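Q: Quick one: sequence and predicted model below, then my questions.
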Amino acid sequence: MRLAPGVPLKAALAFDAAKPAMPAARLAMADPVAQMEWEAPVIAARLPVSPLL
């Protein structure tokens, strides 16, 4: 998938199919680098994040 420069892709996490997905992060391209910014609900939930997944 290609992202246009400056246009973020929103990502969400779903832990339970019966509940709505939680907004997780916004991703955008800046030159050849992908940048990610965590959404406030994920930061507030203090979810463990594995860099290997």
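A: Here it is on my side, so go on.

Q: hey, let's count contacts and neighbours off CA atoms from now on
A: Fine.

Q: Do a quick rundown of the helices in this protein.
A: Per DSSP state H, the chain carries helices over the ranges 40-45.

Q: Centre-most residue in it?
A: Most central in the chain under C-alpha atoms, centre = their mean is A25, positioned 2.4 Å from the mean C-alpha point.

Q: Report the contact partners of the closest residue to that one other than its chain neighbours.
A: Spatial nearest neighbour of A25, chain neighbours left out: W38 (4.3 Å); criterion: C-alpha to C-alpha, 6 or more residues apart in numbering. Contacts for W38 (C-alpha atoms under 8 Å, 6 or more residues apart in numbering) come out as A24, A25, R26.

Q: Does the second one touch K10 like I think?
A: Which is A25. Yes - contact criterion C-alpha atoms under 8 Å: A25 and K10 qualify, at 6.0 Å.

Q: so what sits against both of those two?
A: Applying C-alpha under 8 Å, 6+ apart, one finds that no residue jointly contacts A25 and K10.

Q: Quote the end-to-end distance of stretch 8-23.
A: Terminal residues of stretch 8-23 lie 13 Å apart, using C-alpha to C-alpha, to the nearest Å.

Q: Can you pull out the low-pLDDT segments for this structure?
A: The model of the chain has pLDDT under 70 over residues 1, 3-5, 51-53.

Q: That's all I had, so thanks and see you.
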